[in-house]
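Undergrad: Okay, sequence plus prediction incoming.
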Amino acid sequence: MVREQYVTATEESGSPSPVSEYIYKIGIYGWRKRCLYLFVLLLIIILVVNFALTIWILRVMWFNAEGMGYLQVTADGVRLEGESEFLFPLYAQEIDSREDSALLVHSTDNVTLNARNANGDVTGSLSVGPEHAKAFGQHLTVSSSTDKTLFYADAKEAIVGTGKLRVTGPEGALFEHSVETPLVKAEPLKELRLESPTRFLSMEAPKGVHVKASAGNVEAHSSLDVILHSTEGLVVLDAESVRLLNLSEGKARTSGDSQGLYDMFEVCVCPSGKLFLSRAGVFSTCNESQEC
């Protein structure tokens, strides 16, 4: 504060007396000063709080020279220890687990893996949900550790590359169309059944069809006809005994003395291939029957 005084002399006494006084105050006073102090105090409080929060975040997130807590930045990429939760999509070129542990991807809804091309279009997708697993792509390949194809499927065909395909379901395997395989075999001590409930069952092979039962019977059941057909060879039934059950008995056209001589029958074959029984006589009685 500076005070300036101007002094003038009176005519009567001759002593100087102040005529006027001017005071100039330099600085901030009053409510402005209080607001300034309050603002400075507020800035100090904010600075202290920010500094404390920064220290707390560094402490909680475990920031260090190598990374952040369990997250370490290496020359090969980023290494993350322990369990992690991602709230948004994760974009990565490769995800590997530790050598002594498995990689577990868990979600409360579903887990979806997408592969995109340079234009951003999805070219392959794998989605695993609580009720279904769905894969999308041009083809699906399952390989072994030796890079051998175990399973391959595309829009045209499906290939099983293993030496043995085992179906363990109690109802077996259902094929809507034809099946090409070199061998169909049942498990030990279990029966093998080839069944077509509403249509026909056909087995074809350029060099023959071999049906073998090492410790049981071979049975063929049909509601209509069972046809054994060979285009260039024979149909051979090789066994100690061949039984043709429930053959019809032919009726003779005329009653002759040869009919009924013996309580025996002979098997007759018609030109159409039909088999029937005819009561045996001294000579053949097949021609006397009305079955053909």
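TA: Looks like it arrived, so ask away.

Undergrad: Which residue ranges of the protein form helices?
TA: Using DSSP state H, the helices of the chain run over 31-61.

Undergrad: Give me the residue at the spatial middle of it.
TA: The structure's the chain has its C-alpha centroid closest to residue 133; by Cα atoms, centre = their mean the separation is 4.6 Å.

Undergrad: residues contacting that residue?
TA: 126, 127 (Cβ atoms under 8 Å, 6 or more residues apart in numbering). For the C-beta atoms, the positions are set from N, CA and C on the backbone; glycine is no exception.

Undergrad: redo that, cut-off 10 Å
TA: Applying Cβ atoms under 10 Å, 6 or more residues apart in numbering, we find residue 133 in contact with 110, 111, 126, 127.

Undergrad: Is the second one in contact with residue 105, as I believe?
TA: Yes - at 5.1 Å, residue 111 counts as touching residue 105 under the criterion of Cβ atoms under 10 Å.

Undergrad: so can I have a markdown table of the contacts of residue 133 showing neighbour count, pLDDT and distance to residue 30?
TA: As requested, the contacts of residue 133 are exported to a markdown table (neighbours: other Cβ atoms under 10 Å; pLDDT from 0 to 100; distance: Cβ to Cβ, whole Å):
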| residue | neighbour count | pLDDT | distance to residue 30 |
| --- | --- | --- | --- |
| 110 | 13 | 85 | 67 |
| 111 | 12 | 87 | 67 |
| 126 | 15 | 88 | 73 |
| 127 | 14 | 90 | 71 |
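
Undergrad: Tell me the one of these nearest residue 236?
TA: Among those, residue 126 lies closest to residue 236 (Cβ to Cβ), at 53.7 Å.

Undergrad: Can you name the residues bridging to the closest one?
TA: In this entry, residue 126 is beta-bridged to residue 113, residue 135, by DSSP bridges.

Undergrad: Likewise for residue 276?
TA: Residues in beta-bridge contact with residue 276 (DSSP bridges): residue 268.

Undergrad: about what we covered before: gap between the residue nearest to the centre of the chain and residue 285?
TA: Using Cβ to Cβ, to the nearest Å, we find residue 133 at a distance of 70 Å from residue 285.

Undergrad: And for residue 126?
TA: For residue 126, the distance to residue 285 equals 75 Å [Cβ to Cβ].

Undergrad: Let me see the contact set for residue 266.
TA: Each residue near residue 266 by Cβ under 10 Å, 6+ apart is listed here: 250, 276, 277, 278, 279, 280, 281, 284, 285, 286.

Undergrad: distance of residue 86 from residue 113?
TA: Residue 86 is 13 Å from residue 113, where distance means Cβ to Cβ.

Undergrad: where do the contact lists of those two overlap?
TA: With Cβ under 10 Å, 6+ apart as the test, residue 86 and residue 113 both reach residue 105.

Undergrad: quick one, which of the two is more surrounded?
TA: residue 113 (12 against 8; other Cβ atoms under 10 Å).

Undergrad: my guess is the more buried one contacts residue 123, does it?
TA: No - taking contacts as Cβ under 10 Å, residue 113 lies outside contact range of residue 123: 11.9 Å.

Undergrad: Double-check residue 221 against residue 195; I have them as touching.
TA: Yes - counting by Cβ under 10 Å, residue 221 touches residue 195, with 8.9 Å between them.

Undergrad: so where is the protein shaky, pLDDT-wise?
TA: The model of the chain has pLDDT under 70 over residues 1-27, 66-67, 69, 252-262.

Undergrad: And stretch 202-217, end to end?
TA: Terminal residues of stretch 202-217 lie 20 Å apart, using Cα to Cα, to the nearest Å.

Undergrad: With stretch 138-155 instead?
TA: 8 Å.
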